[in-house]
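> What follows is a predicted structure for the sequence shown.
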Amino acid sequence: FDMTTTMTPTMTATVPVLLLILCLLASSHVVNADRWLDGRYSFSLTTFSPAGKLNQVERASRAALLGTPVVALCRPADNSIILAAPQALSSSSVLMQDDGTARFVHISSNIVMSHTGVAADGRIAIAAAQRMAVEYEFTFDEPMPVEEFLEELSLLFQEYTMKAGARPFGCALLVGSLSSDEQQQQQLYRVDPSGAVETLGSCAVMGSLASKLQSQVEDIVKKEDTTTDDDDGGESLSLLLTKLLCDAMEEETKGMVVPSSGDDDAKQSPSKPNILTATFSKGKLTVERRHPTKM
């Protein structure tokens, strides 16, 4: 039986195409095999993928990286910490002044905190941190040391990476500690969704613009170290960070348009967000809202 004698010209032309499609499907299956295997294990929080990863934890870390940018600087001259972050409100109404999410939080006389990522998760983590600090001070009649504070926070975050029926925190925490007798200088720390704690030194940038702002913030710290001490140094640093965030946000939203509130078809450029700056010194946290157009 000769198959070629029974095939029509149309069938003869179709065979190579079918063979090509089969080859492409086979090669695609081989290339995506590892990705497919990872996907099989991504539904379970406590199951490691064949690559040795917890996919839900990695996605939580990615959510933290996409959060509101937060910048922090240590100022050894007056033992203070300067923080700044844009205030992104869900409404453009002038009547809305806050969204209920405190970006900078006073924990104790020597600890201040901020968060980025999923705002709701940040509120829960901040509330737990405040409860830890209050219970410690009530029990031992002294402020909670930053080392023990970081340990308790990391245990809380790590618990939710292996707890059944739960998911990791989709936020990262920035912890600032003032200098004390044992600690000769201020320190900044980062707690990520996996529970890992990282020492950041005298400056930190977290959130969506971290890669763009890191080098510029480090330059500001170097200039601050070489300048003489002055009384308004903290204010000048706050203004520098405000301008830095405004420029970065403006560049990030360049070319974007949003519907006008008056006309669904009308378009307008997104408005510049307010910048929140905070100064943590001598156990007190002072927060100020700065509007870009009034600078």
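Alright, I've got the coordinates.

> give me the number of residues near residue 243?
Using other CB atoms under 10 Å, residue 243 is surrounded by 15 other residues. For every residue, glycine as well, the C-beta is placed using N, CA and C.

> The nearest residue in space to residue 238 that is not next to it in sequence bridge partners, please.
Take residue 238 and drop its neighbours on the chain: the residue closest to it by CB to CB, 6 or more residues apart in numbering is residue 277, 4.2 Å away. Taking DSSP bridges, one obtains residue 84, residue 288 as the residues bridged to residue 277.

> So residue 277 is in contact with residue 241, correct?
Yes: with contact defined as CB atoms under 8 Å, residue 277 counts as touching residue 241 (6.5 Å).

> Need the residues touching each of those two.
Here residue 277 and residue 241 share the contacting residues 82, 84, scored by CB atoms under 8 Å, 6 or more residues apart in numbering.

> Could I get the full set of helices for the stretch 101-250 of the chain?
Assigned by DSSP state H, counting those that start in this stretch, the stretch 101-250 of the chain shows helices spanning 119-140, 146-159, 210-226, 233-252.

> I'd like those laid out as CSV, including distance to residue 290.
As requested, the helices of the stretch 101-250 of the chain are exported to CSV (distance: least, CB to CB, whole Å):
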stretch, distance to residue 290
helix 119-140, 20
helix 146-159, 29
helix 210-226, 17
helix 233-252, 5
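
> How about the contacts made by residue 241?
Residue 241 makes contact with 71, 73, 82, 84, 217, 220, 275, 277, according to CB under 8 Å, 6+ apart.

> quick one: it from residue 68, how far?
For residue 241, the distance to residue 68 equals 14 Å [CB to CB, to the nearest Å].

> Most neighbours among the contacts of residue 241, which one?
Top of these by neighbour number is residue 71, holding 31 neighbours under the definition other CB under 10 Å.

> I'd assumed residue 204 was in contact with that one.
Yes: with contacts counted by CB under 8 Å, residue 71 reaches residue 204, the gap being 7.3 Å.

> Can you pull the residues that touch both of these two?
Residues touching both residue 71 and residue 204 (CB under 8 Å, 6+ apart): residue 217.

> what residue ranges in the stretch 1-150 of the chain are flagged as low confidence?
Across the stretch 1-150 of the chain, residues meeting the criterion (pLDDT under 70) sit at 1-17, 23-44, 88-100.

> mind running it again at 50?
Residue ranges of the stretch 1-150 of the chain with pLDDT under 50: 1-4, 30-31, 33, 36-37.

> what number of residues lie near residue 106?
Applying other CB under 10 Å, we find 18 residues neighbouring residue 106.

> cool, and residue 119?
Residue 119 has 17 neighbouring residues, counting by other CB under 10 Å.

> From residue 148, how far out is it?
Separation of residue 119 from residue 148 (CB to CB) stands at 27 Å.

> so who does residue 133 touch?
Going by CB under 8 Å, 6+ apart, residue 133 touches 107, 108, 111, 143, 144, 149.
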